[in-house]
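S.K.: Predicted model and sequence follow; I will ask about them next.
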Amino acid sequence: MKRLAKLLLFLSVIPLLSAYPTLAAPVKSEHILYGLPGTNGTILYRKGYALAHNNGKKVASWVSYHLTDAYLVHNVPRSNDFRPDPDLPKGQRSELKDYRKSGYDLGHLAPAEDMRRDEQTESETFLLSNMAPQVGLGFNRRIWKNLEAKVRTWAKKRHNIYIMTGPIYSDKNYPTIGPDKVAVPSHFYKIIVSCTHKGDNLDVIAFIMPNKDLGATPIKSYITTIDEVEKETGLNFLRGLPDPIEKKLEAKKAGMWE
């Protein structure tokens with residue numbers, strides 16, 4: 001009887017899970033091959049990326065996604081369908097009004113240009129859980145945009161890469177925007193891991209950039225180590241790798257990839 005009761009309970013839950021596919025996604029995802037960088041916050045699985053949303057700051061702590069040369073096709077136009085994330089309750093998410101007249105751009109973490117292979121994948125990049133307040137001129141619309149373009153170039157050349165990106169708050173007294181008090185990051189990080197289709201021959205490069213007008217400073221000026229990103233964020237990015245390999249890769253300060 002106990003087994004029958006458990007079976008009936010399981011069957012009753014299935015319709016609820018299917019009604020919330022984002023929240024009920026399996027733990028195994030192509031976008032988190034090396035393990036979850038952190039488990040704090042609300043973890044959401046999208047078709048093109050995964051993220052952990054900080055419901056206090058109303059900004060994701062990390063966004064992780066798999067990018068291949070085959071994914072970089074433009075099958076759909078850019079939608080610009082910015083909207084609140086329906087999988088997060090009001091009061092624990094950012095709203096469009098928070099960014100309006102704030103002086104900050106709605107800065108993508110997983111870029112729309114990386115996700116134009118189909119309508120759903122592209123559209124989900126415009127959920128506000130995938131946004132963070134970014135300085136516009138000189139950052140979001142210049143060096144950050146240029147770095148995103150570099151990442152696409154590397155995906156085409158290296159064929160198989162993983163990107164992990166998100167905010168850094170160097171000051172506990174960080175500024176906020178809007179009635180929902182969306183946290184404004186002091187810096188942003190981006191980590192890129194490349195590997196063969198078999199998952200070996202790993203290579204890494206990492207960046208930390210201040211969230212301000214960086215002028216014409218070259219991208220390579222902001223290369224750092226994964227160790228430094230972990231120090232600034234408290235996250236653990238390559239936990240799925242054997243310890244000796246993880247330590248070696250996280251301590252590596254790469255030269256600028258071609």
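M.R.: Received the coordinates, thanks. Just so you know, these numbers come straight off a predicted model, no measurement behind them.

S.K.: low-confidence ranges in the stretch 101-250 of the chain?
M.R.: Within the stretch 101-250 of the chain, the ranges that satisfy pLDDT under 70 run 197-200.

S.K.: Try it again at 90.
M.R.: By pLDDT under 90, the weakly predicted segments of the stretch 101-250 of the chain are 195-201.

S.K.: what about stretch 63-79, average pLDDT?
M.R.: For stretch 63-79, mean pLDDT is 97.

S.K.: Only alpha carbons, please: show it as PDB.
M.R.: What follows is stretch 63-79, C-alpha atoms only, in PDB (Å, rounded to 0.1, in the frame of the first residue of the first chain):
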ATOM      1  CA  VAL A  63      24.700  32.800 -16.200                       C
ATOM      2  CA  SER A  64      26.200  29.800 -18.000                       C
ATOM      3  CA  TYR A  65      25.800  28.700 -21.500                       C
ATOM      4  CA  HIS A  66      27.200  26.400 -24.200                       C
ATOM      5  CA  LEU A  67      28.100  27.900 -27.500                       C
ATOM      6  CA  THR A  68      29.200  26.100 -30.700                       C
ATOM      7  CA  ASP A  69      29.900  27.200 -34.200                       C
ATOM      8  CA  ALA A  70      26.700  25.400 -35.300                       C
ATOM      9  CA  TYR A  71      24.600  27.500 -32.800                       C
ATOM     10  CA  LEU A  72      25.800  30.700 -34.400                       C
ATOM     11  CA  VAL A  73      23.200  31.000 -37.100                       C
ATOM     12  CA  HIS A  74      20.700  33.900 -37.500                       C
ATOM     13  CA  ASN A  75      17.500  32.100 -38.200                       C
ATOM     14  CA  VAL A  76      15.300  34.700 -36.400                       C
ATOM     15  CA  PRO A  77      15.400  38.500 -36.100                       C
ATOM     16  CA  ARG A  78      16.300  40.300 -32.800                       C
ATOM     17  CA  SER A  79      13.000  40.700 -30.900                       C
END
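
S.K.: Next, the residues that contact stretch 131-140 from outside, please.
M.R.: 59-60, 82, 94, 99, 102, 104-109, 144, 166-167, 177, 182-185, 188, 209, 211-215 (CB atoms under 8 Å, 6 or more residues apart in numbering). Heads up, the C-betas are built off the backbone N, CA and C, glycines and all.
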